[in-house]
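Q: Build me a structure from this.
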Amino acid sequence: MNPRPQHAPLTQFDVDGDELIIGGMPLSRLAARVGSTPFYAYDRSKLTQRVAELRKYLPPEIHLHYAMKANPMPAVVQHMAGLVDGLDIASGGEQRVALDTPVDPAEVSFAGPGKSDSDLSCAIAAGVVLNMESAAEMERIALAGKALGLVPKVAVRVNPDFELKSSGMKMGGGPKQFGIDTELVPAVLKRIGELGLDFQGFHIYSGSQNLKAESIQEAHEKTFALAIRLAADAPSPVKSLNIGGGFGIPYFPGEGRLDLEAVGANLARLLPDVKKALPEAKIVIELGRYLVAEAGVYVSRVIERKESRGEVYLVTDGGLHHHLAASGNFGQVIRKNYPVAIGNRMASSDLEKVSVVGPLCTPLDLLADRMDLPKAQVGDLVVVFQSGAYGLSASPVAFLSHPGAREVLV
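A: Below you'll find the model as predicted:
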């Protein structure tokens, strides 16, 4: 019988005796500092290290943007703003947070379908680049700019005629609510010139959460070829080419780490030809999850040990209302466990098979399903790793009206 696949080794956080160390502080002390559980904690040193790792392996010409939708906590965004070259936003609320940072608004780009008239006016007034999702949105942008007496900065978000193979979410290829279909882009580019909009370039994003370097390499090659082809119809030279992100992290048993060095080497091989064809274009990689997910943990406290027909349940004060993704209800087809630990019993070898559940009156409230964990008692701290992205802001926090979770950057 083949052994059950294990989670990829998680070495980003130190352990001192029984205690997990987050932000240089033992977990139990951090919990006392926060004052209550559940909470999310994001380790600023790990955020800094991840950006440094990317700078090491990606060509120096690459501009790195933080996609705020992964984690819009203002303290996290402020920290990331000091490390990256720009921010990518997906709502008016994120725009307000972005504009509070030192990042030049011209290095902030706004993507997403269904932008309101207020969103468009605020972005134009601020000087944010609008990634246009449709021809209709382009006309609305032009009207808003005319009303303000300003020339809007725009980029065309392209729905490519290919997809990122093996990606967790398909963001391009086939019919999509995102972007303008490749075959319609030439007419849109002509209309941009007629409207007198300030054309910045293209945003081409085909998929997310990919762990296969070869798939990302192929997507980069196709993205560059598509951008060069579309640039022939552009009303002015391409100033910016956002090739998206899609870099994945390991969440589930059997998953390995992305070979970042191979991705960077392939980009270095491709860039000379791209710069020759698009000499004025800065090349942007937009990352969210890859930058912040592994720097964060979700912490809840055991409030009861319960046995039911031979199975042990750890009932905690946290659950899917704070961490929908860890419960398996954020896009998983077959539920798989996030990496989980008892954060104040890290050195214990006294293991038992348990399920970790929250306080919600639904069987969906499951944070760990029959995992081998150190034997825990009431008061112990359950930690869900890989929780720095798509955590609290991606969860139904009002569901069943339980208390919220705090967030801290340490």
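
Q: and Ala142, that one's in a helix?
A: Yes: assignment of Ala142 by DSSP: H, G, I helix; E, B strand; the rest coil places it within a helix.

Q: is it true that it touches Glu194?
A: No: under the criterion of CB atoms under 8 Å, Ala142 makes no contact with Glu194, lying 9.3 Å away. For glycine as for every other residue, the C-beta is placed from the backbone atoms N, C-alpha and C.

Q: what about these two, which has more around it?
A: Using other CB atoms under 10 Å, the more surrounded residue of Ala142 and Glu194 is Ala142, with 20 against 9.

Q: what stretches of the chain score poorly on pLDDT?
A: Applying pLDDT under 70 to the chain flags the ranges 1-4, 163-176.

Q: hmm, 50 instead?
A: By pLDDT under 50, the weakly predicted segments of the chain are 1-2, 164-172.

Q: can you pull out the helices in the stretch 301-410 of the chain?
A: 324-327 (DSSP state H, counting those that start in this stretch).

Q: Strands along that one, start to end?
A: Taking DSSP state E, counting those that start in this stretch as the test, the strands found in the stretch 301-410 of the chain are 311-316, 340-342, 351-357, 366-374, 381-384, 406-409.

Q: wait, which of the ones you listed is closest to Leu47?
A: With CB to CB as the criterion, Leu47 lies closest to strand 406-409 of those, at 8.5 Å.

Q: How about residues contacting that closest one?
A: By CB atoms under 8 Å, 6 or more residues apart in numbering, the residues outside strand 406-409 that reach it are 23, 30, 33-36, 38-42, 44, 73, 75-76, 79, 392.

Q: same thing but 10 Å
A: With contact meaning CB atoms under 10 Å, 6 or more residues apart in numbering, strand 406-409 is reached by 22-23, 30, 33-44, 47, 71, 73-76, 78-79, 295-296, 298-299, 322, 391-393.

Q: Next secondary structure after the helix or strand hosting Val263?
A: Taking DSSP states H and E as the definition, Val263 sits inside helix 260-277. For helix 260-277, the succeeding helix or strand toward the C-terminus, using DSSP H and E, is strand 282-287.

Q: For the helix or strand following that following strand, which helices and strands make contact with it?
A: Following strand 282-287 in sequence order, the next helix or strand is helix 289-292 (DSSP H and E). If you count contacts as 3 or more CB pairs under 10 Å, 6 or more residues apart in numbering; DSSP states H and E, helix 289-292 packs onto helix 44-57, strand 62-67, helix 74-81.

Q: Okay, Ala98 and Ile62: tell me how far apart.
A: With distances taken as CB to CB, to the nearest Å, Ala98 is found 20 Å from Ile62.

Q: Comparing those two, which shows the higher neighbour count?
A: More crowded of Ala98 and Ile62, by other CB under 10 Å: Ala98, with 26 against 20.

Q: Work out for me the element that one sits within.
A: According to DSSP H and E, Ala98 maps onto helix 92-99.

Q: ok, the very next helix or strand once past that helix: who's next to it in the sheet?
A: Next in sequence after helix 92-99, counting helices and strands by DSSP H and E, comes strand 108-110. Applying DSSP bridges, strand 108-110 is found paired with strand 86-89 (parallel), strand 129-132 (parallel).

Q: for strand 108-110, which positions count as buried?
A: Neighbour counts over strand 108-110 (16 or more other CB atoms under 10 Å) mark Val108, Ser109, Phe110 as buried.

Q: Closest to Gly264 out of these?
A: The nearest member of the buried residues of strand 108-110 to Gly264, counting by CB to CB, is Ser109 at 22.6 Å.

Q: is it true that the closest one touches Arg157?
A: Yes: in this structure Ser109 lies within contact range of Arg157 using CB atoms under 10 Å: 9.3 Å.

Q: which residues are common contacts for these two?
A: Common contact partners of Ser109 and Arg157 (CB under 10 Å, 6+ apart): Leu130, Asn131, His203, Asn242.
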